[in-house]
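Undergrad: sequence? don't have it. structure:
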Ligand code: EPU
């Protein structure tokens, strides 16, 4: 891509990746046809569709509508060759245990953002009566009937909260998840289950209470919009000193990122379902700490790094959620930024302009950030392994082109 170019115009958002993946897994628990509207057209959704098919469900896509039919007999095994492509496959563990009383799921390995263990998922499920064993890289769980209990999570893990919520929905008795993750995607999952007949209260707060029901009935559900995609474009607008209106979103879901952009000098106009972000001058330096929701999302940390790399002054960015999420900093420094990483802190000395360089994408979010870097940088930037970005962003390049970016994809 050729930079620098300000991003300007209006852009619409897709359904949330991290909601769609869990709703797809949850559909395994509903015998019958579940319809998910606003399913993003991204590789991770295709991968989850492959996992569901392998488990015996039917998955059809018509535009952004997915129909999932889990009325047939399901298999219990999610194999390595699928799980290794996408860690979120671990979210079938809860639904399989709920539906079949057994599950055999390949242990997800680490990835470019950290080691990502699943101990909290397993500890919680054990408390609900599951007996786990692990061999040959697989975790195997068996249970006669899941039993409601109290689970206090050591950390408000998104994935653990979701697996426990899924397991609890049809368990015997009441489950209380304390120190639960509060992400909007968890509220979306709870809303889906409620529409299927589940009894859940407190989703979106640190204490979720689930009263087990005997069965679930199929529903049609519209997935919430992708707050991380929205945040990416909001930060892109500010970093490129542009003017972008992002439509089809819930502005409250990105309130903290918007406040941080204001602190850095952006003008932000919020309405019911859209937000406009304008930045006319060089961003000001700010400090930032990533935390579970409603804190600043770790998934938007790399994009903020790109903006702050061009700020007037020095910023300190602290990453509290994933241990290795600074790995892409070396790539960004190849574009002329001055960033020094010390443990989970990054000290960013802003430069006037980034300069183009060939860079390599390690993961979805760093990939999006490096593309934003290329849009802001002087000269022609080549981004390699950009396929990672398609895992999480629908039509990323097309949307950027429509906002005036000079960008093309080469095979
Ligand atoms: N953790 C544990 N033990 C566990 C589970 C998590 O130690 O059993 C640790 C992790 O290693 C990590 C931290 O807790 O350091 C947070 O992990 P969490 O479980 O909250 O995250 P996740 O469910 O694996 C989801 C999103 C991520 C997003 C995080 C945090 C999906 C599919 N993934 O991951 O999204 O960064 O929550 O908000 O929902 C992305 O979209 O690019 C992405 C990585």
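TA: Done, it's in. The structure displayed is predicted, hence computed values, not measured ones.
Undergrad: Measure how buried residue 215 is and give me the count.
TA: Neighbours of residue 215 under the rule other CB atoms under 10 Å: 11. For the C-beta atoms, the positions are set from N, CA and C on the backbone; glycine is no exception.
Undergrad: Phi, psi for it please.
TA: Here is the backbone geometry of residue 215 (degrees, to the nearest 10): phi -160, psi 170.
Undergrad: again, but for the one 4 residues further on
TA: Comment: the main-chain dihedrals of residue 219 come out as phi -150, psi 170, following degrees, to the nearest 10.
Undergrad: Tally up the residues packed near it, please.
TA: Residues lying near residue 219 (other CB under 10 Å) number 19.
Undergrad: likewise residue 44?
TA: Residue 44 has 22 neighbouring residues, counting by other CB under 10 Å.
Undergrad: roughly how far apart are the residue nearest to it when sequence neighbours are not counted and residue 69?
TA: Once flanking residues are discounted, residue 44 sits nearest to residue 391: 4.7 Å by CB to CB, 6 or more residues apart in numbering. With distances taken as CB to CB, to the nearest Å, residue 391 is found 25 Å from residue 69.
Undergrad: repeat for residue 38
TA: Residue 38 sits 19 Å away from residue 69, going by CB to CB.
Undergrad: more neighbours, these two?
TA: residue 38 (21 against 18).
Undergrad: Looks like that one contacts residue 14 (just checking).
TA: Yes - Residue 38 is within contact range of residue 14, at 7.2 Å (criterion: CB atoms under 8 Å).
Undergrad: joint contacts of those two?
TA: 64, 225 (CB atoms under 8 Å, 6 or more residues apart in numbering).
Undergrad: Residue 284 bridge partners, please.
TA: residue 312 (DSSP bridges).
Undergrad: Name the nearest residue to residue 262, sequence neighbours excluded.
TA: Spatial nearest neighbour of residue 262, chain neighbours left out: residue 268 (5.4 Å); criterion: CB to CB, 6+ apart.
Undergrad: OK, now which residue of the stretch 301-411 of the chain is nearest to the ligand?
TA: The ligand sits closest to residue 364 of the stretch 301-411 of the chain, with a gap of 4.4 Å, by CB to the nearest ligand atom.
Undergrad: contacting residues for residue 98?
TA: Applying CB under 8 Å, 6+ apart to residue 98 gives the contacts 29, 146, 166, 167, 169, 170, 171.
Undergrad: try residue 314
TA: 285, 347, 348, 349, 350.
Undergrad: export those to TSV and tack on secondary structure and distance to residue 296?
TA: As requested, these are exported to TSV (DSSP: H, G, I helix; E, B strand; the rest coil; distance: CB to CB, whole Å):
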residue	secondary structure	distance to residue 296
285	coil	16
347	strand	17
348	strand	15
349	strand	21
350	coil	19
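Undergrad: Just the buried subset of those, written out for ChimeraX, thanks.
TA: This is the ChimeraX syntax for the buried subset of the contacts of residue 314, where burial follows 16 or more other CB atoms under 10 Å:
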select :285,348,350
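Undergrad: what's the closest of the contacts of residue 314 to residue 370?
TA: Residue 370 lies nearest to residue 348 out of the contacts of residue 314, by CB to CB, at 15.4 Å.
Undergrad: Please tell me how far that closest one sits from residue 174.
TA: Applying CB to CB to residue 348 and residue 174 gives a distance of 47 Å.
Undergrad: Look at the closest residue to the residue of the stretch 301-411 of the chain closest to the ligand other than its chain neighbours and tell me its secondary structure.
TA: Of all residues not flanking residue 364 in the chain, residue 392 sits nearest, at 4.0 Å (CB to CB, 6+ apart). Secondary structure, DSSP: H, G, I helix; E, B strand; the rest coil: residue 392 is coil.
Undergrad: For residue 392, grab phi and psi.
TA: Residue 392 adopts backbone torsions of phi -130, psi -10, taken as degrees, to the nearest 10.
Undergrad: Tell me, what's the model's pLDDT at it?
TA: Residue 392 carries a pLDDT value of 96.
Undergrad: List the residues that contact it.
TA: Residue 392 makes contact with 17, 42, 44, 228, 229, 364, 365, 368 under the criterion CB under 8 Å, 6+ apart.
Undergrad: How about the residues of the stretch 1-150 of the chain by the ligand?
TA: Within reach of the ligand by CB under 6 Å from any ligand atom, the stretch 1-150 of the chain has these residues: 17, 18, 21, 88, 114, 116, 117, 118, 119, 120, 121.
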